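[1] just a sequence and a predicted model for now, questions to come.
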Amino acid sequence: MTSGVGPTRRAVLGWGALGIVGLAVGGAGIARTWGRGGAATAILPDAASAPEFAEPPVVASSGGVLDLHLRAEASTVTAGGVTATMLAYNGTVPGPTLMVKPGDTLRVSLSNGLSQATNLHTHGLQVSPAGNSDNPFVSVNPGESFDYEIHLPADHPEGVFWYHPHHHGHVADQVFAGLYGAIVVSRDASLPGRVVVVSDTTFAGGQVATVSAMESMRGRLGDVVLTNGQASPALRLAPGATERLLVVNACTSRYLDLDMNGETFAVTGRDGGAIAAPVSVTSTTVVPGGRATLVLAATDAEARLTARGYDVSMMGGGMMGGGMGSAQAADAVLLRLLPDASVTAAAAGADFGTVPSQDLRDATPARSRTLELGMSEMMSGASFTIDGRSFAPDRVDQAVSAGAVEEWTLTNTSGMDHPFHLHTWPMQIVSIDGSAIDDVDVRDVVDVPSGSAVVVRIDFSGNAGTTVYHCHILDHEDLGMMGIIEVA
Ligand code: C2O
Ligand code: CU
Ligand code: CU
């Protein structure tokens, strides 16, 4: 396969395709050159030549504080076998994994070495959105720095969270270019499992490619899917070993529909916490921005953790000349799990202990609201809205009383799925299209499929302040699918 001039609609290859072949949206019309190693090899290399699985550097708190200087700047990195200029935190993609305990303080001095404004969001943390805490309205200009101080309450759930820029208008570009890292909240001093940050990007001429307006509307899919910055790395497992994987979906727009060639594995955590009754599955979906803790056993032969192509849209119709068609990503191999008798099983720490202590299905909501995710076609393209409006930085869209439990019905009248994210306060899914959920399912990103209605309940106690909710297809967020909530 080559990348010629002109529209780059590439064929979807099978799952052996190195996991790097995305489906560019037709009509994008930009030529891309593949870097060395980014070549569209049709099959995975020999296990022996696969990159070894590696994790981002860990920075842990001590004495209740994690003090960190985090510099965002263009850096030369090797990702997926390609040496390119990406945007990186402290020079690595992903940035360092931040390990904190409930009750700790996270002090991050963010310095902006980029050529545009940025800021920092601690996705999923149940912390104050005000002042110099997890405040998405902060703007750090090029050449400036900003000192964040984020206090985790002593009863903060253990789990996997992550950080990324949140400057409206630049979020998708900055995440796509490499700005993200994991946050693990754990009472244990050791990581409860292997950190697996999944992201995607597209390289063009040694840089991260810019995307067309149409790709943004669909939600860009990178040509390269990265697992801790590598393409399809090999993780060697001792016979009989069990591994716990802390998966973060840091892709700008890509849903990860995971399986392990039909093998069974367990999901023991979702988004910000453990789940009360772990489930045994053969596949599971992690939406953009979401996380999952997976427990899997070594197999006798190579197994592959694969993200299957996932269709978020039926944006055919008149929309963009029908060019969107089926906007489906190609399959990508995230991890090659290789049985290896020479490996000794590593002792993983204990799994996250905190399970949701409250079941909001028993609560009487103080108020119900409906939020409608929508899209309208205009001459100039499409507009992405919530309740028919695009994001306005000075308009409070939802005023909520502190301490209230509310019930929100999330509807989607658009032609594609949207992963709905609320900062600060987690959402418990109560029903999907009228079918009640029969366990406690708490998320900070809730998928709202096209045409559906998902009911969630939210407990607005603990933190108060003004923050945002938005679609976590970050292109949609930048295009205006975001609103402001004030809890007071
Ligand atoms: Cu992960 Cu408002 O974002
Ligand atoms: Cu967030
Ligand atoms: Cu969306």
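    Happy to help now that I have it. Ligands and ions are numbered 1, 2, ... in the order given.
[2] pull out the buried positions in stretch 339-358.
    Neighbour-count burial for stretch 339-358, counted by 16 or more other CB atoms under 10 Å, picks out 339, 348, 351-352, 354-356. C-betas here are computed from N, CA, C, even on glycine.
[3] average pLDDT for it?
    On average, the pLDDT along stretch 339-358 is 80.
[4] which bits of the stretch 351-488 of the chain sit near ligand 2?
    His423 (CB under 5 Å from the ion).
[5] show me what from the stretch 351-488 of the chain comes close to ligand 3.
    Going by CB under 5 Å from the ion, the residues of the stretch 351-488 of the chain near ligand 3 are 418, 471, 473, 476.
[6] likewise for the chain?
    418, 471, 473, 476.
[7] now the two most distant members of the buried residues of stretch 339-358.
    Pro339 and Pro356 (35.6 Å; CB to CB).
[8] going by proximity to ligand 1, name the top residue of this structure.
    His123 (3.6 Å; CB to the nearest ligand atom).
[9] ok, back up a step: export the residues of the chain next to ligand 3 to a markdown table and tack on secondary structure and pLDDT?
    Shown next, in a markdown table, are the residues of the chain next to ligand 3 (DSSP: H, G, I helix; E, B strand; the rest coil; pLDDT from 0 to 100):
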| residue | secondary structure | pLDDT |
| --- | --- | --- |
| His418 | strand | 97 |
| Cys471 | strand | 98 |
| Ile473 | coil | 98 |
| His476 | helix | 96 |
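[10] dump those to a markdown table, plus neighbour count and distance to Ala250.
    Formatted as a markdown table, the residues of the chain next to ligand 3 follow (neighbours: other CB atoms under 10 Å; distance: CB to CB, whole Å):
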| residue | neighbour count | distance to Ala250 |
| --- | --- | --- |
| His418 | 29 | 18 |
| Cys471 | 30 | 16 |
| Ile473 | 31 | 13 |
| His476 | 29 | 16 |
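[11] closest one of the residues you listed to Ile484?
    So of the residues of the chain next to ligand 3, ranked by how close each gets to Ile484 (CB to CB), first place is Cys471, at 14.4 Å.
[12] just list whatever residues bridge to the closest one.
    Phe420 (DSSP bridges).
[13] wait, it sits on Pro419?
    Yes - at 6.4 Å, Cys471 and Pro419 qualify as touching, with contact defined as CB atoms under 8 Å.
[14] common neighbours of those two, please.
    Counting by CB atoms under 8 Å, 6 or more residues apart in numbering, Cys471 and Pro419 have no contacts in common.
[15] quick one: Ser383 from Thr293, how far?
    Separation of Ser383 from Thr293 (CB to CB, to the nearest Å): 37 Å.
[16] with Gly269 instead?
    The value you get for Gly269 to Thr293, if CB to CB is used, is 3 Å.
[17] more neighbours: which of the two?
    Neighbours were tallied for Gly269 and for Thr293 using other CB atoms under 10 Å; the higher tally belongs to Gly269 (28 against 24).
[18] contact partners for the more buried one?
    159-160, 246, 275, 291-293, 351-352.
[19] distance between stretch 211-224 and the chain's centre?
    16 Å (CA atoms, centre = their mean, to the nearest Å).
[20] if you average pLDDT over that stretch, what comes out?
    93.
[21] got it, and stretch 62-73?
    98.
[22] how about that stretch, which residues are buried there?
    66, 68, 70-73.
[23] need phi/psi at the residue of the chain closest to ligand 1.
    The phi/psi pair for His123 (degrees, to the nearest 10) reads phi -60, psi 120.
[24] what sits closest to the residue of the stretch 301-450 of the chain found nearest ligand 2 if chain neighbours are left out?
    Per CB to the ion, His423 is where the stretch 301-450 of the chain lies closest to ligand 2, at 4.8 Å. Sequence neighbours aside, Thr467 is the residue nearest to His423 in space, at 4.2 Å (criterion: CB to CB, 6 or more residues apart in numbering).
[25] same check, this time on Ile150
    Leu106 (4.3 Å).
[26] give me the contacts around the strand or helix carrying that neighbour.
    According to DSSP states H and E, Leu106 maps onto strand 105-113. With CB under 8 Å, 6+ apart as the test, strand 105-113 has contacts from 61, 64-74, 98, 100, 118-120, 122, 140-152, 183.
[27] now, those residues that are in strands?
    65-74, 98, 100, 122, 145-151, 183 (DSSP state E).
[28] residue contacts, Ser232?
    With CB under 8 Å, 6+ apart, Ser232 has these contacts: 18-19, 44, 50-51, 332-336.
[29] can you lay out those as TSV showing distance to Glu406, secondary structure and neighbour count?
    Listed next are the contacts of Ser232 as TSV, based on distance: CB to CB, whole Å; DSSP: H, G, I helix; E, B strand; the rest coil; neighbours: other CB atoms under 10 Å:
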residue	distance to Glu406	secondary structure	neighbour count
Leu18	46	coil	24
Gly19	41	coil	27
Leu44	48	coil	20
Ala50	48	coil	20
Pro51	46	coil	19
Ala332	38	strand	30
Val333	41	strand	22
Leu334	36	strand	25
Leu335	39	strand	28
Arg336	45	strand	23
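[30] closest to Asn412 out of the residues you listed?
    Ala332 (25.6 Å).
[31] and the closest one, bridged to which residues?
    Residues in beta-bridge contact with Ala332 (DSSP bridges): Ala307.
[32] surely it touches Leu305?
    No - using CB under 8 Å, Ala332 is not in contact with Leu305; the gap is 9.8 Å.
[33] report the set of residues contacting both of the two.
    Counting by CB under 8 Å, 6+ apart, nothing touches both Ala332 and Leu305.
[34] for the one residue in the stretch 101-250 of the chain that gets nearest to ligand 2, which non-adjacent residue is closest in space?
    Here the stretch 101-250 of the chain gets closest to ligand 2 at one residue, His123, 3.7 Å apart by CB to the ion. Using CB to CB, 6+ apart and skipping the chain neighbours, the partner closest in space to His123 is Trp162 (5.0 Å).
[35] residues in contact with the one you found?
    So Trp162 contacts 122-124, 180-183, 197, 248, 250, 291 (CB under 8 Å, 6+ apart).
[36] how about a cut-off of 10 Å?
    For Trp162, the contact set (CB atoms under 10 Å, 6 or more residues apart in numbering) comprises 94-95, 97-98, 121-125, 180-184, 195, 197, 248-250, 289-291.
[37] tell me the centre residue of this structure?
    Gly289 (2.5 Å; CA atoms, centre = their mean).
[38] before we move on, back to that, measure the residue nearest to Ile150 to Pro339 for me?
    In terms of CB to CB, Leu106 sits 39 Å off from Pro339.
[39] with Val468 instead?
    Val468 is 45 Å from Pro339, by CB to CB.
[40] interface residues of this structure facing ligand 1?
    Residues of the chain that fall close to ligand 1, judged by CB under 6 Å from any ligand atom: 121, 123, 164, 166, 289, 421, 423, 468, 470, 472.
[41] what sits against the residue lying closest to the last one once chain neighbours are set aside?
    Translated: His472. Leaving out its chain neighbours, the residue that sits closest to His472 by CB to CB, 6+ apart is Gly289, at 3.7 Å. Counting by CB under 10 Å, 6+ apart, Gly289 touches 123-124, 162, 164, 175, 248-252, 271, 419-421, 443-445, 470-474, 477.
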